[in-house]
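Peer 1: structure of the sequence below:
(chains A and B)
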Amino acid sequence: DTAVSQTPKYLVTQMGNDKSIKCEQNLGHDTMYWYKQDSKKFLKIMFSYNNKELIINETVPNRFSPKSPDKAHLNLHINSLELGDSAVYFCASTLRGAANEKLFFGSGTQLSVL
Amino acid sequence: SQQGEEDPQALSIQEGENATMNCSYKTSINNLQWYRQNSGRGLVHLILIRSNEREKHSGRLRVTLDTSKKSSSLLITASRAADTASYFCATDASGANSKLTFGKGITLSVRP
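Peer 2: Numbers count the residues shown, from 1 in each chain, chains lettered A, B, ... in the order given. Here you go, the predicted structure:
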């Protein structure tokens, strides 16, 4: 019954590999996000999608490619992983995407690049 | 650049005491939100305060907003060990394209 669920919880991989993180929300929300939290807990938005359409694309390397097959899913694919990509990645959603709405977060995916 | 800056960065108190955490921001905002993050978990929304509001309460939480000083405070009264978490403020800057910008967070430890 988790509202925003993301898999896997932990991801350990070698530099240069390609990996994906999946996210699904069952709240009926229109907008989904990917955030990156670094080792100092600084949380930064990466992307947002509204009903499968890209709305926000921060200055993220193009090795990161979000994919939204439908408004309930937003996956994150990362090519050619680098050491600096190690972080916790959070998926989140809001009802319509307005900044005065509360974000519902998944429990995070801890990515470790060796 | 980062919008919200919380202080202190870490706070340790005894159960039953009150905890006050502050957040300062740089540009005009439409609203400010506070979130809690338990270790190894995602953030959970606590409270939202609009730019035309000065104070808001929710249970043991009290949030104030001073737009002239560009600052907000989160007060947790009668703290419990379960309040141990990181707390983040997030701002919605005026004119921004509907995105929240988070601060670095405050780590609160409540000793039983």
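Peer 1: so residue A:63 touches residue A:78, yeah?
Peer 2: Yes - shown here, residue A:63 and residue A:78 form a contact pair, counting by C-beta atoms under 8 Å, at 6.0 Å. All C-beta spots, glycine's among them, are computed from the backbone N, C-alpha and C.
Peer 1: looking at those two, which has the bigger crowd around it?
Peer 2: Neighbour totals were compared for residue A:63 and residue A:78, and residue A:78 leads with 22 against 13 (other C-beta atoms under 10 Å in any protein chain shown).
Peer 1: so which elements touch the host helix or strand of residue A:90?
Peer 2: Assigned by DSSP states H and E, residue A:90 falls within strand A:87-94. On a contact count with 3 or more C-beta pairs under 8 Å, 6 or more residues apart in numbering or on different chains; DSSP states H and E, strand A:87-94 meets strand A:4-7, strand A:19-25, strand A:31-37, strand A:73-78, strand A:104-105, strand A:109-113.
Peer 1: mind doing that once more with 10 Å?
Peer 2: Counting contacts by 3 or more C-beta pairs under 10 Å, 6 or more residues apart in numbering or on different chains; DSSP states H and E, strand A:87-94 packs against strand A:4-7, strand A:19-25, strand A:31-37, strand A:43-50, strand A:73-78, strand A:104-105, strand A:109-113.
Peer 1: between the ones you listed, which one is nearest to chain B?
Peer 2: strand A:104-105 (3.2 Å; C-beta to the nearest C-beta).
Peer 1: for residue A:63 and residue A:78, list the residues in contact with both.
Peer 2: A:18, A:85 (C-beta atoms under 10 Å, 6 or more residues apart in numbering or on different chains).
Peer 1: and stretch A:76-93, how far out from the chain middle?
Peer 2: Distance of stretch A:76-93 from the chain centroid (C-alpha atoms, centre = their mean, to the nearest Å) equals 7 Å.
Peer 1: buried ones in it?
Peer 2: A:76, A:78, A:81, A:85-93 (16 or more other C-beta atoms under 10 Å in any protein chain shown).
Peer 1: tell me what angle the helix or strand of chain A with the lowest mean pLDDT forms with strand A:31-37.
Peer 2: Ranked by mean pLDDT, DSSP states H and E, the weakest helix or strand in chain A is strand A:53-57, scoring a mean of 84. Here strand A:53-57 runs at an angle of 30 degrees relative to strand A:31-37 (axes from the mean of the first three to the mean of the last three C-alpha atoms, to 10 degrees).
Peer 1: quick one: contacts for residue A:55?
Peer 2: A:31-33, A:47-49, A:97, B:97-99.
Peer 1: out of these, what pair is the most spread apart?
Peer 2: A:32 and B:97 (15.9 Å; C-beta to C-beta).
Peer 1: who has more neighbours, the two?
Peer 2: A count of neighbours by other C-beta under 10 Å puts residue A:32 above the other of residue A:32 and residue B:97, at 31 against 10.
Peer 1: so that one versus residue B:32, what's the distance?
Peer 2: 23 Å (C-beta to C-beta, to the nearest Å).
Peer 1: low-confidence regions, the chain specifically.
Peer 2: Here I'm looking at chain A. For chain A, residues meeting the criterion pLDDT under 70 lie at A:1.
Peer 1: nope, chain B please
Peer 2: Using pLDDT under 70, the flagged stretches of chain B are B:1-4, B:94-98.
Peer 1: hang on, residue A:98 in a strand?
Peer 2: No - under DSSP: H, G, I helix; E, B strand; the rest coil, residue A:98 falls outside any strand and is assigned coil.
Peer 1: hmm, residue A:93 is touching residue A:28, no?
Peer 2: Yes - using C-beta atoms under 10 Å, residue A:93 is in contact with residue A:28, at 9.3 Å.
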